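Enquirer: need a structure here:
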Amino acid sequence: FNLWPVFSKSILVILMFIGGSAGSTAGGMKCVRFVLLFKTIKREVGRIIHPRSVYTVKYGGKTVDSSILSGITNYFFVYIIVFTVTLLIISLDGFDMVSNFTAAAAAIGNIGPGLGIVGPTGNYADYSALSKIALSFTMLFGRLEIYPMLILFAPTFWKRVNI
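Expert: Sure, this is the predicted structure:
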């Protein structure tokens, strides 16, 4: 990877975030979420330009409900927040930004190797215990999806309910 041009590495990093198809075991945000996210952005830009127009987002020939689009937008922002928090925690170790950025992206997308010291010829051994714990939780967030993990850590989930 280190001999590849920067453009090729950039494409790989973008693909780390996009991930695989819905229903697959691949990590990342999933292709369908990205497609619908960009269609939502296109709709919102259209609404700004033509406020009285009615724009619908369609996927597979069917109109997508606004609540689903809102959920995808929320998922995207929570995904970015988890990624950013992980990046900030592992940045405390003082490694270069490329290694830290791709380590966090590889963790949340369950990719495996990143670039730099976490590339295919390196590993995560140089990171501190705190960083490894943060990366481990990020891997769980990426693999099991974000909302189930947030629910698992919510105190109300563990509260005993009397029926």
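
Enquirer: In terms of pLDDT, where does the residue nearest the centre of the chain sit?
Expert: Nearest to the mean C-alpha position of the chain, by CA atoms, centre = their mean, lies Y79 at 4.4 Å. pLDDT, Y79: 92.

Enquirer: Skip ahead from the longest helix along the chain and say which helix or strand is next.
Expert: Longest helix in the chain, counting residues (DSSP state H): helix 66-91. Remark: after helix 66-91, the chain's next helix or strand is helix 97-109, criterion DSSP states H and E.

Enquirer: Quick one: work out the angle between that following helix and helix 66-91.
Expert: 130 degrees (axes from the mean of the first three to the mean of the last three CA atoms, to 10 degrees).

Enquirer: now the following helix or strand past helix 97-109: how far from the chain's centre is it?
Expert: Using DSSP H and E, the helix or strand that follows helix 97-109 in sequence is helix 129-144. How far helix 129-144 lies from its chain's middle: 13 Å, per CA atoms, centre = their mean, to the nearest Å.

Enquirer: Can you give me the buried ones in helix 129-144?
Expert: 131, 134-135, 137-142 (16 or more other CB atoms under 10 Å). Placement of C-beta: from N, CA and C, glycine included.

Enquirer: Next up, the contacts around V78.
Expert: 146-147, 150 (CB atoms under 8 Å, 6 or more residues apart in numbering).

Enquirer: what's the answer for T86, then?
Expert: Contacts of T86 by CB under 8 Å, 6+ apart are 104, 107-108, 134-135, 138.

Enquirer: which of those sit farthest apart?
Expert: Using CB to CB, the contacts of T86 span at most 10.8 Å, a distance reached by I108 and A134.

Enquirer: sorry, back to before: next, the angle helix 129-144 makes with the longest helix of the chain.
Expert: Going by the same axes, to 10 degrees, helix 66-91 makes 160 degrees with helix 129-144.

Enquirer: which stretches of the protein have low pLDDT?
Expert: 1, 163 (pLDDT under 70).

Enquirer: hmm, 80 instead?
Expert: Along the chain, the model assigns pLDDT under 80 to residues 1-2, 22-27, 157-158, 160-163.
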